[in-house]
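Peer 1: structure for the following, please:
(chains A and B)
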Amino acid sequence: MAYEAIIGLEVHAQLLTESKMFCRCTTAFGSEPNTNVCPICTSMPGVLPVINRRAVELVIRTGLALGCEIAPHSVFARKQYWYPDLPKNYQISQYELPLCTDGALEIDVNGETKRIRIRRVHLEEDTGKLLHTGGNESRVDFNRCGVPLMEIVSEPDMHSAEEAREYLVALRRILRYIGVSTGNMEEGSFRCEPNVNVGDEEHGTRTGISEIKNLNSFRAVFQSVEYELDRHRRVLDEGSEIGRETRRWYPSDDTRSGYTDTMRSKEEAMDYRYFPEPDLVPLRVDDVWLHEIRADMPELPRQKRERLIAEHGLSPYDVRVLTQSMELADYFEACVKAHGDAKKVSNWIQGEFLRLMRESGKEIADVLVRPEQMAELLKLADEGKITGPLAKEVFEAMFATGKAASTIIAERGIEVVSDEGELETIVDKVLAANPDVVGKVKAGKAQSKGFLVGQVMKATRGQAVPQKVNEIIDRKLQ
Amino acid sequence: MDLCHRTAHELAEMLQSREISALGLCEAVLARVEQVDPKVRAYMTTTPDLARAQAKAVDEKRAAGEDLPTLAGIPLAIKDNMVTVGIPTTCSSKILEGFMSPYDATVVQRVRDAGCVTVGKTNLDEFAMGSSTENSAFFASRNPWDLERAPGGSSGGSAAAVAAGETILALGSDTGGSIRQPASFCGIVGIKPTYGMVSRYGLVAFASSLDQIGPLTKDVRDAALLLDTISGHDPMDSTSVPEPPSNLTATLGQDIRGLRVGVPKEFLGEGTDPEVETAVKAAISQLEGLGAVIGEVSTPHVGYGLPTYYIIAPCEASANLARYDGIRYGHRTAERAGDIIELYERSRGEGFGPEVQRRIMIGTYALSAGYYDAYYLKAQRVRTLLKRDFERAFEQYDVLAWPTSPCLPFRFGEKADPLSMYLADVCTIPVNLVGIPAISLPCGFSKAGLPIGLQIGASYFDEATMLRVAYAYEQSTDFHRARAPLGAPGDAKGAAA
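Peer 2: Numbers count the residues shown, from 1 in each chain, chains lettered A, B, ... in the order given. Below you'll find the predicted structure:
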């Protein structure tokens, strides 16, 4: 049956400001509870909010990166609801006149580029955190309360869980590129609430939208969207209906796989009693300010990819890997600058470098190997002064210690055995020690030759050039 | 004359010439408080030790030859809805009984920097919602001109304290007339400055777009001095303007010949007490006699002021007062609550008085889905029309003059019906909705000796012209020199100095 999945995403990203949205408290993560608080963010009587200008700039940066219209005049509003992690019992947010509207984000899914429209990007403040200590007691930590939060709302332009995941990945990459958010889902600085329903084109019916909450990983987003789509399709199959509701995701555990369950239905939907925040004057963004922010924008992922392809003739696949973060792309470009051959650098980064990054769990910023050092190693290999396997060994040591390739080579006494006479002696010894293998090779079993080469490499502690060894063995066994 | 009955500018001269000391003045005021406050009940909290310490510090600085601000050493009372470190801030509400603020309001900081001596904090209608102090959760203050009558409200404690000589200066807050109406009822001067002139940081919010702090004093010069002290941009308040007018005493004493005074016709006539109307008309004639050009003007939408106010103010209040939930501070129910909602309901039900609850309910209702457009949005549109009315009036006139209150000070319990109490603010409310400044100053007494106030309003940030006209009028009369008798009705006349 021709069901269409309809998915829109609401993303909340904490902004990388030093201080909170409406007061001067630090936004530092992981402090002792209730140490980063003041009368304003704990909502003592008589306090007033003052807008954090940097937070506004970061939202405008995001709006520009997503091709949004930036409102010259936008308004903050009070969103009212009762919860102990919200000390004013209203959240200062934006409602009718958000800062940014009508943008788009391009994503690549299965080799195709899709354009996902962005409805709005607005600015608000985060809530505190409740700590349920068990028993009859709950405690509240206001450190997070008032941290600047940006809400990015897409149009329902995604039609599969893959697309939703790609959208999130692409969005997070952009936010990191432009330095507005860490995008860390586990720490809660990047949160996603999918809105999911299914349409039956044939009969012109649609299920009610499910808003999914409690997602703290890309995996959870993917799985929960899949789960909801399945559920909606089944309901349509049965010919029943689904009303609009908010559902909570329960990740899989030992006893069952992940599932969603109702938090509240449309009848219980909140009436937030929004009205314009009278403690703040409307936010004005004039051309001068907008121009300053625009001038300070970095190259965006898509622009960077296109440029790298044009400049270096790399494949789209390679470029996508290399531009997965701005830091990696910068590192790559620095290596190319020092070495000269983009393809060699690209291969090395995608191979050894990313392998070690994954294994070590390091960030680019923590990498000890400077781009010039990597270029030096590649040049030594180019000149035949070090073999491929040895280069890998040396690079591991460089990665671990930050020492230069030449230093490690000297320390370890690594030297390429290029003296033919010496190599021939070693080959003779290996052949003499393995008469049965020699016999097999002579009988036409070419694979067995690899064993002999390996023995020679072992005997030279990898310092022989494998090509050379092959040549000598071939000659001897003719 | 007893020091307590003198004005701040007279006392400032006496202090500067060392005729008196700040401590001596402080002791005189404290003695007066002790003597009369049991009758007047102006104060929620008195701070005699703090007052003496501050007075001594001023005397020491003066003795050391320091150049001190004009108001250094002058006793001052603070309405108990401005937060103070070390002194409880109750808003005359059980929900904040005993509450100690961790920070000082900006105005509190400013009067302290100016060397004012804090006598204490004054009673008000709970959260400034009311016009008589009868809505105080603790007690009602009394009108020094007739102890059986209300001093007005919500800054009734501050007005009564000034009128009774229990302080020289006082701070009030005005959301719909809460400075001007009690000033009128107590025969003193009160100013609601232009919105944005004085920082609201540390003023416990009632209705954020209407609230403004201002002075309550014995005469116009004192009011100008105190307003000068507290006004000015505050980076902590986004609605405070960058460069509000200053040096407000500069225009005092300039003549008002040729100045155009408009009389909005909608504020006189039906609903106005005849004695009030007579006194205000006489005051307007007096202005004419001083050379002002008088004309009638129409502000056609002021009739909608009251209903507009009673949508916007409760809407904002319903959100502003949501923070009193019993979680972080303030009253929390002693009853066991089954869940968090029950905890909120019980704490707030016990902590807020009936008028506060009424306004929270009105505001919550008006902002609810499906009602927002019909109430809040409509009210904001009417507010815009009202602004245009006044802007048009100020194209023709330099100031407007009309009564502060349509009625004379009423007896306790006389306006038990909330609606009749709301109607007492009909002349003051439009000023808050529009945002302009207005002053109330004494313009006569009823036959029974009750004070009557004249209201003069000016265009945005034109406090200078407003004060110039008010001062010219005041100096041509003796009403501001009369002192309250603190007795039974009928004693008033004998008290005039």
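Peer 1: and the closest residue to A:Tyr259 other than its chain neighbours, how many residues sit next to it?
Peer 2: Nearest residue to A:Tyr259, sequence neighbours excluded (Cβ to Cβ, 6 or more residues apart in numbering or on different chains): A:Tyr250, at 5.5 Å. For glycine as for every other residue, the C-beta is placed from the backbone atoms N, C-alpha and C. By the criterion of other Cβ atoms under 10 Å in any protein chain shown, A:Tyr250 has 16 neighbours.
Peer 1: before we move on, what about A:Gln373?
Peer 2: 21.
Peer 1: ok, the one 10 residues further on next?
Peer 2: Using other Cβ under 10 Å, A:Glu383 has 9 other residues around it.
Peer 1: find me the pLDDT at it, would you?
Peer 2: In this prediction, A:Glu383 carries a pLDDT score of 83.
Peer 1: give the rounded mean pLDDT of stretch B:471-486.
Peer 2: Averaged across stretch B:471-486, pLDDT comes to 96.
Peer 1: show me where pLDDT drops low in chain B?
Peer 2: Chain B contains residues with pLDDT under 70 at B:487-497.
Peer 1: what about the strands in it?
Peer 2: Secondary structure of chain B, counting by DSSP state E: strands at B:43-46, B:75-79, B:117-122, B:169-174, B:189-192, B:212-217, B:260-264, B:293-297, B:399-403, B:438-445, B:451-458.
Peer 1: want to throw these into TSV with distance to chain A?
Peer 2: Below are those laid out as TSV (distance: least, Cβ to the nearest Cβ, whole Å):
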stretch	distance to chain A
strand B:43-46	15
strand B:75-79	12
strand B:117-122	13
strand B:169-174	11
strand B:189-192	17
strand B:212-217	11
strand B:260-264	26
strand B:293-297	29
strand B:399-403	25
strand B:438-445	20
strand B:451-458	22
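Peer 1: okay, the ones you listed in TSV with mean neighbour count next?
Peer 2: Shown next, in TSV, are those (neighbours: other Cβ atoms under 10 Å in any protein chain shown):
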stretch	mean neighbour count
strand B:43-46	22
strand B:75-79	32
strand B:117-122	29
strand B:169-174	30
strand B:189-192	33
strand B:212-217	30
strand B:260-264	20
strand B:293-297	14
strand B:399-403	26
strand B:438-445	28
strand B:451-458	28
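Peer 1: and of these, who's closest to B:Val280?
Peer 2: strand B:399-403 (4.7 Å; Cβ to Cβ).
Peer 1: got the angle between that closest one and strand B:451-458?
Peer 2: 160 degrees (axes from the mean of the first three to the mean of the last three Cα atoms, to 10 degrees).
Peer 1: and for strand B:399-403, what's in contact with it?
Peer 2: Applying Cβ atoms under 8 Å, 6 or more residues apart in numbering or on different chains, the contact partners of strand B:399-403 are B:259-264, B:267-268, B:272, B:276-277, B:280, B:283-284, B:287, B:297, B:390, B:393-394, B:427, B:452-458, B:465-466, B:469.
Peer 1: need the residues of chain A near chain B, please.
Peer 2: Residues of chain A lying close to chain B by Cβ under 8 Å from any Cβ of the partner chain are A:39, A:42-51, A:78, A:80, A:82-84, A:87-90, A:140, A:271, A:273-275, A:278-281.
Peer 1: so how do I select the buried members of those in ChimeraX?
Peer 2: Only the buried entries of these go into this ChimeraX selection, using 16 or more other Cβ atoms under 10 Å in any protein chain shown:
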select /A:39,42,43,44,45,46,47,48,49,50,51,78,80,84,87,88,89,90,140,273,274,275,278,279,280
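Peer 1: check which helices and strands the longest strand along chain A is in contact with.
Peer 2: Longest strand in chain A, counting residues (DSSP E): strand A:112-125. If contacts are counted by 3 or more Cβ pairs under 8 Å, 6 or more residues apart in numbering or on different chains; DSSP states H and E, strand A:112-125 sits against helix A:53-65, strand A:90-94, strand A:100-109, strand A:148-154, helix A:161-177.
Peer 1: and it, what's its mean pLDDT?
Peer 2: Strand A:112-125 shows a mean pLDDT of 97.
Peer 1: which residues does whichever helix or strand comes after it contact?
Peer 2: Downstream of strand A:112-125, the first helix or strand assigned by DSSP states H and E is strand A:129-134. Residues from elsewhere that reach strand A:129-134 (Cβ under 8 Å, 6+ apart): A:Pro33, A:Pro84, A:Asp85, A:Ser138, A:Arg139, A:Val140, A:Asp141, A:Asn143, A:Arg144.
Peer 1: next SSE downstream of strand A:129-134?
Peer 2: strand A:137-141.
Peer 1: between the contacts of strand A:129-134, which is nearest chain B?
Peer 2: The closest of the contacts of strand A:129-134 to chain B turns out to be A:Pro84 (Cβ to the nearest Cβ; 5.3 Å).
Peer 1: right, and that closest one touches A:Ser138 too?
Peer 2: Yes: under the criterion of Cβ atoms under 8 Å, A:Pro84 makes contact with A:Ser138 at 7.3 Å.
Peer 1: roughly how far does the residue in chain B sticking out farthest from the centre sit from B:Gly326?
Peer 2: Taking Cα atoms, centre = their mean, the residue of chain B most remote from its mean C-alpha position is B:Gly338, at 41.9 Å. Distance from B:Gly338 to B:Gly326, counting by Cβ to Cβ, to the nearest Å: 14 Å.
Peer 1: cool, and A:Leu377?
Peer 2: From A:Leu377 across to B:Gly326, the span is 66 Å (Cβ to Cβ).
Peer 1: more neighbours: which of the two?
Peer 2: A:Leu377 (24 against 21).
Peer 1: show the contacting residues for the spatially most central residue of chain B.
Peer 2: Centroid check for chain B by Cα atoms, centre = their mean gives B:Ile179 as the closest residue, at 1.8 Å. By Cβ under 8 Å, 6+ apart, the contact set of B:Ile179 is B:Ser155, B:Ser158, B:Ala159, B:Gly172, B:Ser173, B:Gly190, B:Ile191, B:Lys192, B:Gly214, B:Pro215, B:Leu216, B:Ser440.
Peer 1: reformat those residues as JSON lines; add distance to B:Arg142.
Peer 2: Output for the contacts of B:Ile179, formatted as JSON lines (distance: Cβ to Cβ, whole Å):
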{"residue": "B:Ser155", "distance to B:Arg142": "14"}
{"residue": "B:Ser158", "distance to B:Arg142": "14"}
{"residue": "B:Ala159", "distance to B:Arg142": "11"}
{"residue": "B:Gly172", "distance to B:Arg142": "17"}
{"residue": "B:Ser173", "distance to B:Arg142": "20"}
{"residue": "B:Gly190", "distance to B:Arg142": "18"}
{"residue": "B:Ile191", "distance to B:Arg142": "23"}
{"residue": "B:Lys192", "distance to B:Arg142": "23"}
{"residue": "B:Gly214", "distance to B:Arg142": "22"}
{"residue": "B:Pro215", "distance to B:Arg142": "22"}
{"residue": "B:Leu216", "distance to B:Arg142": "16"}
{"residue": "B:Ser440", "distance to B:Arg142": "19"}
